[in-house]
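> Starting from these lines, generate the structure:
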Amino acid sequence: GQDGSFSFDALWQRYNSDLANGYANLVSRTLAMIQKNFNGEFTAELGDQAKAGESLVLETTDFLIPSNVIGQTLAKTYPESLTDYDFGTALAAVSASITSVDKYFSDSTPWKLANSIIQADREKLAEILYLSADSIRIITALLYPVIPYATSKVWTQLGLGDIEADAKAGKLKDLKWGVLKPG
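Have a look, this model is predicted:
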């Protein structure tokens, strides 16, 4: 509208601070801990907080989320915003989800569990890292149209192959929890 101001510098700053840095930091922290603690492999199935194969339904507010990791706002706001061509609001919802997953990761203090030799702590660590990585997978699918180069690298790091081929095949539309398999 006419009452707003726009500059490419402001756009670039917002892109870097909200999407690129927050997303990159979350991905880096999660994947680094998986590499360090589990030799880069997912070693645990989902726990009680998420069930493999449950759909993330983006058309309604009742999608299934592990411990509210991603946030219910995304389920309602993202599809409505895209339908209305309100890309700023859609990206703000994804950005809020990145913040939410990052908070879950930080609040769970996986670095403390990583130093434990107690089996239950190792299982909890695996669950935290799995839920974070699976949340990253969903966020990556949603961000692919906006930052295709970065998301393609993350998709590959998650062991999912070629995100462009998956997008063309329609695999990014049906998001389910538990897609990341051990190994």
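> Isn't Pro110 up against Glu127?
No - using C-beta atoms under 8 Å, Pro110 is not in contact with Glu127; the gap is 9.6 Å. (C-beta placed from N, C-alpha, C; glycine too.)
> Are we agreed that Tyr85 is in a strand?
No - Tyr85 is assigned coil when assessed by DSSP: H, G, I helix; E, B strand; the rest coil, not a strand.
> Can you list the buried residues in the top helix by length along the chain?
Ranked by residue count and defined by DSSP state H, the top helix of the chain is helix 119-143. The neighbour-count check on helix 119-143 (16 or more other C-beta atoms under 10 Å) flags 122, 124-143 as buried.
> Average the pLDDT values over the helix or strand that it is followed by and round to the nearest integer.
Downstream of helix 119-143, the next assigned helix or strand under DSSP states H and E is helix 148-157. Helix 148-157 carries an average pLDDT of 94.
> how far out from the middle of the chain is the helix or strand following helix 148-157?
Once the chain leaves helix 148-157, the next helix or strand it forms, by DSSP H and E, is helix 163-168. Its chain's C-alpha centre lies 17 Å from the corresponding centre of helix 163-168 when counted by C-alpha atoms, centre = their mean, to the nearest Å.
> From the contact counts, what lies against the helix or strand just after helix 163-168?
Note on helix 163-168: by DSSP H and E, the next helix or strand toward the C-terminus is strand 175-176. Packing partners of strand 175-176 (3 or more C-beta pairs under 8 Å, 6 or more residues apart in numbering; DSSP states H and E): strand 55-56.
> ok, now with 6 Å
Contacts defined by 3 or more C-beta pairs under 6 Å, 6 or more residues apart in numbering; DSSP states H and E place strand 175-176 against no helix or strand at all.
> Quick one: mean pLDDT for the longest helix of the chain?
In this model, helix 119-143 has a mean pLDDT of 87.
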